[in-house]
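K.L.:
Here is a sequence with its predicted model. Questions after.
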Amino acid sequence: MPDTELLALQPDHIQTLQQRYERALAHNGYDGVLISSGAAPMRYGDDQSWYFHGYGPFLHWTGLAGQEHSWLLIRPGQTPQLWLYQPVDFWHANPELPDEPWQQAMDVGFIQQREAPSVEGVGRLAVIGDPAMLAQVPGDHNPASLLTDLDETRVHKTPYEIACLVRANEIAVHGHQAAREVFLSGGSEFEISLAFQRATRQREAEAPYHSIIGVNEHAGTLHYQYYDIEAPTRPRSLLIDAGVRFRGYCSDITRTTPAAGEGRFAALVQGLEQLQRRLCDMVAPGVEYVAIHRKTHQGIAALLSAAGVVSGLDDEALVEQGITRAFFPHGIGHFLGIQVHDVAGKREPSPADAPFLRLTRTLEPGMVVTIEPGLYLIPSLLDPLLEGPLGQHFNHEVLDELRGCGGIRIEDNVEVTEEGSRNLTREVGG
């Protein structure tokens with residue numbers, strides 16, 4: 001979609017948010033809500049701050065990531081009023097505000113002070129944001145019931161939001177392709193990270209989350225956070241979980257690449273790829289997300305048996321005995337939007353057999369979810385099984401061969417449509 005078409009969708013997005021917020025304010029008895037963009041806190045004992053991304057509701061309305069000390073006032077029946085912090089400063093540059101159609105849907109002004117603007121004649125006012133930013137601001141701070149209702153406004157994406165998520169996927173896919181090429185040419189984790197940043201034209205600090213780039217056994221640490229400067233003598237596998245933020249919206253994509261000569265591991269990657277595509281096809285209105293998670297464990301069981309990792313137990317027993325949990329310990333995915341793990345995913349607690357699942361809702365049109373099955377060789381999870389009574393069912397020789405590859409994860413971003421689903425990652429070549 002060209003930028004002009006995407007930008008043309010944003011005023012309608014703002015109008016939809018106005019309607020959703022008016023219902024939430026009426027339900028909670030408020031006459032308006034003042035939203036803080038937030039600001040980066042200072043590091044303890046230092047004069048440097050952390051990198052700033054912005055508070056979710058503020059980004060939901062404006063898409064202005066990195067805009068500190070700014071405020072947005074929403075009132076029923078009135079145009080949203082936006083104050084952007086633009087001080088006269090010779091230390092730092094102010095964020096540029098390009099001329100775009102959405103500005104006609106808001107009253108946009110500029111302030112030089114960091115304090116909240118004076119709000120008169122609103123009646124009962126709610127103020128939401130980082131509590132550290134709200135200390136001296138009149139109004140009810142972060143009322144829980146209103147926050148719950150406002151989280152719900154982010155569950156069903158508008159056409160503008162979907163367009164932004166598509167663009168975030170498109171940019172990230174280019175990054176993943178560049179990262180794969182560097183790995184296959186013998187690059188280190190650090191060099192792979194640089195390749196992703198170069199291809200996406202996004203600094204690591206601007207990304208929606210710290211990229212997970214694990215080569216060989218590092219791929220078995222789910223949120224591996226370090227980048228080796230030197231490549232291993234024998235590169236065997238790459239797991240890269242990395243995304244892009246576009247106008248505030250996040251992509252979250254994972255790919256696993258086997259090195260040449262890793263036939264057994266490559267077959268597992270191919271098997272998980274086929275399973276992941278089937279799971280993506282399950283996404284549709286009326287489907288319980290937990291059911292997709294449980295289907296994943298059945299697929300992992302079948303894959304373990306087919307690969308000769310385990311024997312002597314049927315697929316049902318592999319799930320019931322907790323063997324699949326040792327290879328796939330996390331949830332199948334989560335909501336995606338302004339935040340990578342977007343809000344309002346758990347109306348109900350995670351079930352006992354899926355304690356780390358971040359989404360427990362029935363799928364509805366407009367939701368966007370991730371589908372990310374994994375299969376890992378994690379010593380702290382596998383060794384107790386190998387040393388216990390179930391150890392006799394494992395092929396230790398096969399496991400020893402695979403351990404150095406760490407693990408596999410494959411992740412796409414999927415929209416729930418009226419008819420079924422739309423894979424935002426695959427449709428842009430991911």
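P.N.:
Looks like it came in fine.

K.L.:
ok, now which ones touch the residue nearest the centre of the chain?
P.N.:
In the chain, the C-alpha closest to the average C-alpha coordinate belongs to V340, at a distance of 2.2 Å (CA atoms, centre = their mean). Applying CB atoms under 8 Å, 6 or more residues apart in numbering, we find V340 in contact with 208-209, 243, 250, 252, 334. For the C-beta atoms, the positions are set from N, CA and C on the backbone; glycine is no exception.

K.L.:
How many residues are close by G129?
P.N.:
23 (other CB atoms under 10 Å).

K.L.:
Next, count neighbours for the nearest residue in space to it that is not next to it in sequence.
P.N.:
By the measure of CB to CB, 6 or more residues apart in numbering, the closest residue to G129 outside its immediate chain neighbours is S36, 2.9 Å from it. By the measure other CB under 10 Å, the count of residues near S36 is 24.

K.L.:
Distance check, S36 against Q136.
P.N.:
Separation of S36 from Q136 (CB to CB, to the nearest Å) stands at 12 Å.

K.L.:
Find residues that contact each of the two.
P.N.:
Counting by CB under 8 Å, 6+ apart, the common neighbours of S36 and Q136 are A116.

K.L.:
residues touching the closest residue to G391 other than its chain neighbours, list them.
P.N.:
The spatially closest residue to G391, leaving aside those adjacent along the chain, is L385, at 6.4 Å (CB to CB, 6+ apart). Counting by CB under 8 Å, 6+ apart, L385 touches 322-323, 326, 391, 394.

K.L.:
try V369
P.N.:
Taking CB under 8 Å, 6+ apart, one finds 283, 289, 333-336, 359, 363, 413-414, 416 in contact with V369.

K.L.:
Pretty sure it sits in a strand.
P.N.:
Yes - under the criterion used here (DSSP: H, G, I helix; E, B strand; the rest coil), V369 sits inside a strand.

K.L.:
that older thread, can you tell me which of the contacts of V369 are in strands?
P.N.:
With strands taken from DSSP state E, the overlap with these comprises 413-414, 416.

K.L.:
Please indicate which of these has the highest neighbour count?
P.N.:
N413 (29 neighbours).

K.L.:
Distance-wise, check the nearest residue to that residue once chain neighbours are set aside relative to G243.
P.N.:
Using CB to CB, 6+ apart and skipping the chain neighbours, the partner closest in space to N413 is L424 (4.7 Å). Relative to G243, L424 is positioned 12 Å away (CB to CB).

K.L.:
More neighbours: these two, which one.
P.N.:
Taking L424 and G243 together and counting by other CB under 10 Å, G243 has the greater number of neighbours (29 against 23).

K.L.:
so that one makes contact with T254?
P.N.:
No - G243 is beyond contact range of T254, at 9.2 Å (criterion: CB atoms under 8 Å).

K.L.:
if we can go back for a sec, kindly reformat the contacts of L385 as TSV containing pLDDT.
P.N.:
Conversion of the contacts of L385 to TSV gives the following (pLDDT from 0 to 100):
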residue	pLDDT
G322	95
I323	97
A326	97
G391	92
F394	96
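
K.L.:
Filter these down to the ones in helices?
P.N.:
When the contacts of L385 are checked against helices (DSSP state H), the matches are 323, 326.

K.L.:
Now restrict the contacts of L385 to buried residues only.
P.N.:
The neighbour count (16 or more other CB atoms under 10 Å) marks 323, 326, 394 as buried among the contacts of L385.

K.L.:
I408: which of those is nearest?
P.N.:
Of all the buried ones among the contacts of L385, the one sitting nearest I408 is A326; the distance, using CB to CB, is 14.4 Å.

K.L.:
in what helix or strand does the nearest residue to that closest one once chain neighbours are set aside lie?
P.N.:
Ranked by CB to CB, 6+ apart and with sequence neighbours excluded, the top spatial neighbour of A326 is L381, at 4.3 Å. Element membership for L381, per DSSP states H and E: helix 379-387.

K.L.:
got the buried residues for that helix?
P.N.:
Residues of helix 379-387 classed as buried by neighbour count (16+ other CB under 10 Å): 381-382, 385.

K.L.:
What spatial separation is found between the residue nearest to G129 and E288?
P.N.:
36 Å.

K.L.:
just T296 next, same as before
P.N.:
If you measure T296 against E288 using CB to CB, the figure is 13 Å.

K.L.:
Neighbour count for the two, which is higher?
P.N.:
Taking neighbours as other CB under 10 Å, T296 and E288 compare with T296 leading, 27 against 12.

K.L.:
Just the terminal-to-terminal distance for stretch 121-135.
P.N.:
21 Å (CA to CA, to the nearest Å).

K.L.:
Would you mark the buried spots in that stretch?
P.N.:
122, 125-129, 133-134.

K.L.:
what ranges do the helices span in the stretch 51-200 of the chain?
P.N.:
56-62, 144-152, 159-184, 189-200 (DSSP state H, counting those that start in this stretch).

K.L.:
out of these, deepest packed?
P.N.:
Comparing the helices of the stretch 51-200 of the chain by mean neighbour count (mean count of other CB atoms under 10 Å), helix 56-62 ranks first with a mean of 24.

K.L.:
For it, enumerate the helices and strands it packs against.
P.N.:
In terms of contact count using 3 or more CB pairs under 8 Å, 6 or more residues apart in numbering; DSSP states H and E, helix 56-62 is assigned the packing partners helix 3-28, strand 32-36, strand 71-74.
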